[in-house]
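coordinates for the following, if possible.
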Amino acid sequence: MTYNSKDKLNAFHLTGSVGVSTLLGLLTGSWVVFLVMSILLVGSSLLTGEIRIPDHRPKR
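Okay, here's the model as predicted:
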C-alpha cells in the first residue's frame, strides 16, 4: 500500500499528539493525564483540520 503526503501528515500529527501525551503521563505518573491529554490533543487536531478523516463518499 502506498501512502500519499496527506496520510503521512496525518500519521505525524497523530504520533506527535500521542507522544506528547505519553511524556506528560510519564512525568505525572498518571494514566488519567495520558488519556485526557490524548483525547484533547487528537480532538483539537481533528477540529483544526491538522488530521483529516478520509472521505469515502462517492464522487460525482
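
and the longest helix along the chain, which residues are buried?
Of all the elements of type helix in the chain, the one with the most residues (DSSP state H) is helix 5-28. Neighbour-count burial for helix 5-28 flags 10, 13, 14, 17, 21, 24, 25 (criterion: 16 or more other CB atoms under 10 Å). All C-beta atoms are positioned from the backbone trio N, CA, C, and that covers glycine.

so where's this structure shaky on pLDDT?
The model of the chain has pLDDT under 70 over residues 1.

returning to what we had before: so what does the helix or strand that the longest helix of the chain is followed by touch, helix or strand wise?
Next in sequence after helix 5-28, counting helices and strands by DSSP states H and E, comes helix 31-48. Applying 3 or more CB pairs under 8 Å, 6 or more residues apart in numbering; DSSP states H and E, one finds that helix 31-48 contacts helix 5-28.

from the chain's centre, how far out does stretch 26-37 sit?
For stretch 26-37, the separation from the chain centroid amounts to 16 Å (computed by CA atoms, centre = their mean, to the nearest Å).

actually, stretch 37-46.
Distance of stretch 37-46 from the chain centroid (CA atoms, centre = their mean) equals 6 Å.

flag every buried residue along that stretch.
Applying 16+ other CB under 10 Å to stretch 37-46 flags 37, 38, 41, 42, 45 as buried.

need the residues that contact it.
The contact list for stretch 37-46, computed with CB atoms under 8 Å, 6 or more residues apart in numbering, reads 13, 14, 17, 18, 20, 21, 24, 25, 51, 53.

any chance of those residues in CSV, with distance to residue 33 too?
Below are the contacts of stretch 37-46 laid out as CSV (distance: CB to CB, whole Å):
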residue, distance to residue 33
13, 20
14, 19
17, 14
18, 13
20, 11
21, 8
24, 6
25, 5
51, 21
53, 26
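
hang on, the earlier thing: which of the buried residues of helix 5-28 sits closest to residue 31?
residue 25 (6.6 Å; CB to CB).
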